[in-house]
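S.K.: Curious how this folds, go ahead:
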Amino acid sequence: MVFTRSNLAWAALGPVAGLALIALMQSGAIPAYQAYSVALAAVYAIVVLSVGLLAGWSGVWSVGHPAFVAVGAYFAAYGGAHQWPLEWVIVGAITSCALMGAFLGYAGARFSVLYIALLTLAFSLVSLEVINRWTSVTGGDQGVAVSPLDSALGLGTVPSGGSEAQYLAVLVAGVVFAIAVFAKSSALRMRLVAAKAHPLVARSVGIVPEAQTALSFAVSAAFTGLAGVLLGLITGFVSPDTFSLNFGVTIIAACVLGGVGSVFGAVVGGVYLAWVPAAADAVSVPQPVVQGVLLITALIFLPGGVVPFLGSLVRRALGRRGPGLLDGEHHVSATVDDNGDGAPVTSARDRPAADDAAPLLVVDGLSVRFGGLNALESASLDVRPGEVLAIIGPNGAGKTTLLNAVSGLIGGARITGAVDYAGVKLMGTRATARRRLGIARTFQHAETFSELTVAENVLCTKRWAGTADRARADELLARTGLADVADRYPAELPFGLQKRLDLARAIAEEPRLLILDEPFGGLDATERQLAAQQIVRLRAQGAAVVIIDHVLDDLFAVADRVVAFDFGKPIGSGEPGTILTDPQVRSSYLGLIATRAELPARAGESVAVALRDVSHHYGGVAALHDIHLDIGKGAVIGVVGANGAGKSTLGKIIHGSLRPSSGQVRIGEPGARPVRSSLVPEGRALFKTLSLRENLEVAGYAVGVQGSALRTRLDETAEWLPERLRARLSVAAAGLSGGEQQILAVARALMARPDVLILDEPALGLAPALVDEVYARINQLARDGMTIVLLEQLLSRALTSCHEVVVLHEGRVAARGDASDPLFAETAELAYFGGEAATLLKLRDVNELEA
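M.R.: Model prediction:
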């Protein structure tokens, strides 16, 4: 919590407004019959604030808060009847409600928003039943009067139903709003929002989502119980009718009307609750009708609420920018040319490795199994302080599974083996505890907390964000080049800055072990250089760094040692300069050259699909750059590249399901029959609960085939399936093996009778025998004259199954040639790992030798 001049000014508005209203009420400027409504609005505003902030900060909607109001009101009635001091009544109500709220929050945190709402609904219904039956305390249906309460601190007596109670309600409401204003800048709010926005990532920075939900529910319930005490005092009588389910729904409507999560929106909500009955009477319309019309109007025209809408109008009137960055403002300087002391950054291997130090992390025989899938099998490795360990391998090799197991972010799996970190056995240790031990990580897609600013994304790692913590965060943001965007939200930043923010948040606690998941992926050359310099700086500070990435050039530039994985286990290790000379490591990426498939001769020069200068971006991530490609009719074209090279994006663009950011795509020849295309996506994307027949029927419906035509096409497609699948058309797709599911996915694509068939990683995760069967059926389609685009990770598979191979490297065409040309295979290998620059360098060397 930070007491800045701005915070103090906004917080002071609550108590000042409360004192001003009390003065007006005392002077008679607000008539006595209106004073009651003002006090009632103040009480309701506390309730709306409690519910609204719980929803806005924790993502929890509660219809059970009327029960907390009831607890506070009956505490006032019972305490007055037994001569309890006012302070005891308040403390008792707050404590009781906080305990019940903490229980509801913790119990409901494991479920979805719907189930939490149902849990609070059940709590409200049970509370009403207790109120009706516990007549000795509540008076049952008849209700109970509230007696005056004396102050134990000598502040006098507060008679129920009197003006003193009204003054107290207004003053307390002002103080509560001041507390809420300060809470908005506190680490408490940041951690609540982080846990709501991304629970998995929140665990990685030491935040326990269940504990945060329990805490927020407890605080919300406590303030609602306080409002209940005030309600009992200003009304002088407590009846169960006040706390009906309708009241809970009306509170939620008031939150939406004012603005969910808005402190000042709660004032609008409180006024709405207090005056809507009078407004309904004035226009002689039933109150539910008035409430419904107001709520529908707000949802249609002011979906964010009244106060956020008015705030945006004020910003526009003052000429201030909205939350988004203006075009051309994505320039951010970074202090990345030194180590913080003016010394230049050197590469990792320019510094001596800590070979004599004991390993900081030891993974011994680690296996991870998801059902019938062995994602990791008896993996062992170690990393020392001050060492950068790179982990490489093709897609599906088990690299991310290893990182998740070490960082504790893996669920639903059977894990065996041991992971020791600095003498601590990590198996069974929660992810949040691992963060406290000094283990931090980043994520492949820069998982940030979207509702927190850049600075708050870093500060949320702290339990208490004091002045010193904020100063250190500012220093870190300056060091990582994020100081200029500290007050921006992640969605407003380009992808490179989001990745930098992910790294800054990971190193905020100065971890001893930093785990980086594809830190170079999606970045341009300059951004990759900046990321590399940050990694070298961390190594120089003594941190152990474990990195997985597919951008091998940049990865090897910072790594001390490389471990290669395939099929869930290490297959080789060595220095960056020699690891790719290992035949087993190379074959894991490129595959083993097999017998070339029998392909039909190329049919003429007609073009099925033509791409001209095609580029594509996902937000700030460049996936493809200036692709120029012709796909001839009847050809089998292989598009190969490592994970992240842009293959799937190119496949979607060829299919037409994705429009490129720039460039032109022409499908078919001008004036000729339109070319139909089908895409078999990576992972198959079958409807697992539907039968084989139903999967095929859905594909037929998608292209507009029905009735007898659908039955005919279904029979024709079924004939393409192997006999064992034709006999099981009524079986659910989930019951098939991986290879059988892949064949079904191809058959589903054939229901459209495509001219061009695009297959994305058709062999991924399949056993060799099943791979051969899948490719045999693909080759048969090629012999039948179909144009096929094969998106493959294994170069050897493409070279033996295609007419022509295109190698993608970081979204660019690095090489293209005849798959049957033995000389092209070497060029394709160079392009696969090093891009076009590597092939040009090799060509230059050859020319120099010939000269």
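S.K.: what are the phi and psi angles of the residue nearest to V271 when sequence neighbours are not counted?
M.R.: Once flanking residues are discounted, V271 sits nearest to A41: 5.0 Å by CB to CB, 6 or more residues apart in numbering. Every C-beta, even on glycine, is put in place using the N, C-alpha and C of the backbone. Backbone torsions of A41, given as degrees, to the nearest 10, read phi -60, psi -40.
S.K.: Report the contact partners of A41.
M.R.: By CB atoms under 8 Å, 6 or more residues apart in numbering, the contact list for A41 reads G270, V271, L273, A274, W275.
S.K.: The first one and A254 touch, don't they?
M.R.: Spelled out, it's G270. Yes - between G270 and A254 there is a contact under CB atoms under 8 Å: 7.3 Å.
S.K.: and for the two, which residues touch both?
M.R.: Joint contacts of G270 and A254 (CB under 8 Å, 6+ apart) are Y44, V48.
S.K.: Look at those two and report which has more neighbours.
M.R.: A254 (28 against 25; other CB atoms under 10 Å).
S.K.: Mind telling me what element the more buried one is part of?
M.R.: Assessed by DSSP states H and E, A254 sits inside helix 245-258.
S.K.: Output the contacting helices and strands for that helix.
M.R.: Applying 3 or more CB pairs under 8 Å, 6 or more residues apart in numbering; DSSP states H and E, one finds that helix 245-258 makes contact with helix 32-58, helix 65-81, helix 113-133, helix 263-282, helix 287-301, helix 306-317.
S.K.: Give me the contact list for that helix.
M.R.: 44, 47-48, 51-52, 55, 61-66, 69, 121, 124-125, 128, 264-270, 272-273, 291, 294-295, 298-299, 305-307.
S.K.: Pull out the buried positions in it.
M.R.: Buried residues in helix 245-258, counted by 16 or more other CB atoms under 10 Å: F247, G248, T250, I251, I252, A253, A254, C255, V256, L257, G258.
S.K.: from those, which is closest to E804?
M.R.: Nearest to E804, judged by CB to CB, of those is V256 at 58.1 Å.
S.K.: which intervals of the chain have sub-threshold pLDDT?
M.R.: 1-4, 319-356, 592-595, 602-604, 620, 765-770, 837-851 (pLDDT under 70).
S.K.: Centre-most residue in it?
M.R.: Nearest to the mean C-alpha position of the chain, counting by CA atoms, centre = their mean, stands H198 at 5.0 Å.
S.K.: do you know how far the residue nearest to V271 is from S239?
M.R.: Plainly put, A41 is 20 Å away from S239 if you go by CB to CB, to the nearest Å.
S.K.: now do G154
M.R.: From G154 to S239 the distance is 32 Å (CB to CB).
S.K.: and these two? which has more neighbours close in?
M.R.: For G154 and S239, the more surrounded residue by other CB under 10 Å is S239, and the numbers stand at 17 against 6.
S.K.: quick one: contacts for the residue nearest to that one when sequence neighbours are not counted?
M.R.: Excluding the flanking residues, the one nearest S239 by CB to CB, 6+ apart is G143, at 3.6 Å. When contacts are counted by CB under 8 Å, 6+ apart, G143 touches F237, V238, S239, P240.
S.K.: can I assume R384 is in contact with V546?
M.R.: No - applying CB under 8 Å, one finds R384 not in contact with V546, separated by 11.2 Å.
S.K.: CA-only coordinates of the helix holding A254 in CSV, if you can.
M.R.: The C-alpha coordinates for helix 245-258 follow below in CSV (Å, rounded to 0.1, in the frame of the first residue of the first chain):
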residue,chain,number,x,y,z
LEU,A,245,-32.6,-14.1,-2.4
ASN,A,246,-34.0,-11.2,-4.4
PHE,A,247,-31.8,-8.9,-2.4
GLY,A,248,-28.7,-10.8,-3.4
VAL,A,249,-29.6,-10.6,-7.1
THR,A,250,-30.4,-6.9,-6.7
ILE,A,251,-26.9,-6.3,-5.2
ILE,A,252,-25.3,-7.9,-8.2
ALA,A,253,-27.4,-5.7,-10.5
ALA,A,254,-26.3,-2.6,-8.6
CYS,A,255,-22.6,-3.7,-9.0
VAL,A,256,-23.0,-4.0,-12.7
LEU,A,257,-24.9,-0.7,-13.0
GLY,A,258,-22.2,1.2,-11.1
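S.K.: mind checking the SS state of the residue nearest to A183 when sequence neighbours are not counted?
M.R.: Using CB to CB, 6+ apart and skipping residues adjacent in sequence, the residue nearest A183 is R189, 5.6 Å away. What DSSP: H, G, I helix; E, B strand; the rest coil gives for R189 is helix.
S.K.: ok, now how distant is R189 from A173?
M.R.: Counting by CB to CB - R189 and A173 are separated by 20 Å.
S.K.: more crowded one of these two?
M.R.: Just comparing R189 and A173: by other CB under 10 Å the higher neighbour count belongs to A173, 30 against 24.
S.K.: Look up the closest residue to the more buried one, ignoring the ones flanking it.
M.R.: A42 (3.7 Å).
S.K.: which residues does the one you found contact?
M.R.: G18, L21, A169, V170, V172, A173, G174, L230, G270.
S.K.: any idea how far the helix holding A254 is from the chain center?
M.R.: Helix 245-258 sits 29 Å away from the centroid of its parent chain (CA atoms, centre = their mean, to the nearest Å).
S.K.: tilt between it and helix 32-58?
M.R.: 80 degrees (axes from the mean of the first three to the mean of the last three CA atoms, to 10 degrees).
S.K.: quick one, helix 245-258 and helix 263-282 angle?
M.R.: Using the same axes, to 10 degrees: helix 245-258 against helix 263-282 is 120 degrees.
S.K.: So what angle separates the directions of helix 245-258 and helix 287-301?
M.R.: 30 degrees.
S.K.: Can you lay out the contacts of A41 as a markdown table showing distance to I439?
M.R.: Converted to a markdown table, the contacts of A41 look like this (distance: CB to CB, whole Å):
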| residue | distance to I439 |
| --- | --- |
| G270 | 46 |
| V271 | 50 |
| L273 | 48 |
| A274 | 52 |
| W275 | 55 |
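S.K.: Tell me the one among the residues you listed nearest to Q529.
M.R.: Checking the contacts of A41 one by one against Q529 (CB to CB), the nearest turns out to be G270, at 54.6 Å.
S.K.: ok, the closest one - contacts?
M.R.: Contacts of G270 (CB under 8 Å, 6+ apart): A41, A42, V43, Y44, A45, I46, V47, V48, L49, A173, A254.
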